[in-house]
Structure formats: C-alpha cells, structure tokens
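>>> structure for this input, please:
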Amino acid sequence: MSVAEDTIARNRALQTEWYGEPLGDRVRPLLGRLGMSQSGLAGVLGLSAPMLSQLMSGQRAKISNPAVLHRLMAVEDLVAAPGFDALTAAGVQARLEEIKAESAATTSGMRGAVSGRVPAGPAPSSLERAAEREGGRGAAEPARLVQALLREVASAAEIEAAAGLIADRFPDLAEVLRVYGAGRTSEAEEHFARTVLKHTPGDRAAMPERSRLDSV
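Model (predicted):
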C-alpha cells in the first residue's frame, strides 16, 4: 500500500470513528436525493468544492468547522424527513438556503436554547414554526447543536467510553452522552423534547416548562 493509500485508509477509519461512517458514504446519498453536484452542496455547507472533495475521498479526515457539521446534519434531516418527496424543487431550494444561512450556536446562544430563553438572531422559519406546532419538533435545532458540540470535541467511541464510566452513578448523564454523542439525530430531538421542552409523543401544543438547567 502506498503512502497516499495508507493515509486515505487511516482518514476513512478516523471518519468512521468520529462521524459513524466515512464522509463520502454520508454525502453521496445526499447528492443523489437532492440532485446536486458536489460544488452545489459544498456551497450549502459553507465549504469550498475542493475541500468537500478531499473530505469525501479521505484525503482529509476532519470537518474543522462545527457550523459545517451542523449544516451537514441539517441537510441529512431534510432528505430523511417523511415529507421530503412531496416538496417542490423550489421548496427544497428554499430550505437549503435556510440551512446555508445557519451557523453553530455560540455558548450564550446555546444556553438560551436550552433554558427556553430566546437568543438574539433570526426569527424561526415558517418551516420550523410549523414543525414546532406538530409537537416536539421545536427541539430539532438545539438538539443538533448539542450533537455538533459533542462530536466536535470527542469521537463516538470516546463518548461511549465516557458514558460507560459514569453510567452506574449518573445514568441520566450517561444517557445524554450516548444519545447526543453517538445516537441518531431523531433520537436526540426526541430526548430534548421530552426532557427539556416536556413534550410527549402525543403532545400537539405542549408548553415548555422551566428546566433544571434554567436555574444554573
């Protein structure tokens, strides 16, 4: 195996550890579902086309900007949504433009999302407001932000190991690490809605309650 091939194999293994699978395997299905070129998707994610190509091919291993990972997960959520196939091309493009404008939250913005206080920034889109009315989907944005933060500072294997160390004494905290650090985005959204927004699966218009984090 040449040095270049060894580097690519190592980078793909690191991507699997950090992101669940090689980034090429995550991104290619999105290109097919969206009917986009790599260059077009790179623009949505906030990357140059060569950088996205290098990440997909394994020439580079890590997404260094948390906002890019945040947007990638948002695009994955978009194409995985039950109503995606019913969207018009214009509707898909509008949602992609919204994702393109998103950024990972600052620490203060994240505290606001968790505590229920509304941080300064753009008003939620009509799509997000409609989703929130469906019960619990208002958790999508903050849940993805927590995921992006955890996955930026540690790999899935490291998060699982940390959760295992504290599971006996702090089971709830271990669950948070596992759900947000190594679980699926839909699981993180459901957990956030249930524990912070106090939504249950049958809720249609549940009102957020004051969480324990709000008093910290």
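>>> what's the neighbour count on the closest residue to Asp77 other than its chain neighbours?
Leaving aside its chain neighbours, Asp77 sits nearest to Thr185 (5.8 Å; criterion: Cβ to Cβ, 6 or more residues apart in numbering). Where C-beta positions appear, they are placed from N, C-alpha and C, glycine not excepted. Neighbours of Thr185 under the rule other Cβ atoms under 10 Å: 17.
>>> next, Thr185: phi, psi?
Main-chain torsions, Thr185, degrees, to the nearest 10: phi -60, psi -40.
>>> next one: phi and psi at Arg184?
With angles defined as degrees, to the nearest 10, Arg184 sits at phi -80, psi 160.
>>> check what pLDDT it gets.
Model confidence at Arg184, expressed as pLDDT, equals 79.
>>> give the rounded mean pLDDT of stretch 48-63.
94.
>>> and Lys198, which of the three is it?
Per DSSP: H, G, I helix; E, B strand; the rest coil, the local secondary structure of Lys198 is coil.
>>> just to revisit the earlier point, show me what contacts the residue nearest to Asp77?
Thr185 makes contacts with Met73, Glu76, Asp77, Ala143, Arg144, Gln147, as judged by Cβ atoms under 8 Å, 6 or more residues apart in numbering.
>>> biggest separation within the residues you listed, which pair?
Using Cβ to Cβ, the contacts of Thr185 reach their maximum pairwise distance at Glu76 and Ala143, which is 13.2 Å.
>>> neighbour count for the two, which is higher?
More crowded of Glu76 and Ala143, by other Cβ under 10 Å: Ala143, with 26 against 18.
>>> isn't that one up against Ala188?
Yes - the criterion here is Cβ atoms under 8 Å, and Ala143 meets it with Ala188 at 4.2 Å.
>>> out of the helices and strands in the chain, which is least certain?
Within the chain, no helix or strand scores below helix 107-115, which has a mean of 36 by mean pLDDT, DSSP states H and E.
>>> now Glu187. Nearest residue, chain neighbours left out?
In this structure, Glu187 finds its nearest non-sequential neighbour in Val179, 5.5 Å apart by Cβ to Cβ, 6+ apart.
>>> count of neighbours near that neighbour?
Using other Cβ under 10 Å, Val179 has 22 other residues around it.
>>> so which bits of the helix or strand Asp25 falls within are buried?
Element membership for Asp25, per DSSP states H and E: helix 23-34. Buried residues in helix 23-34, counted by 16 or more other Cβ atoms under 10 Å: Leu23, Arg26, Val27, Leu30, Arg33, Leu34.
>>> for the residue nearest to Glu187, helix, strand, or coil?
helix.
>>> pull the contacting residues for it.
Val179 neighbours (Cβ under 8 Å, 6+ apart): Glu187, Ala188, His191.
>>> quickly find the element holding the first one.
In this assignment (DSSP H and E), Glu187 forms part of helix 185-195.
>>> would you confirm that Gln59 contacts Asn11?
Yes - using Cβ under 8 Å, Gln59 makes contact with Asn11 at a distance of 7.1 Å.
>>> higher neighbour count, those two?
Just comparing Gln59 and Asn11: by other Cβ under 10 Å the higher neighbour count belongs to Asn11, 20 against 14.
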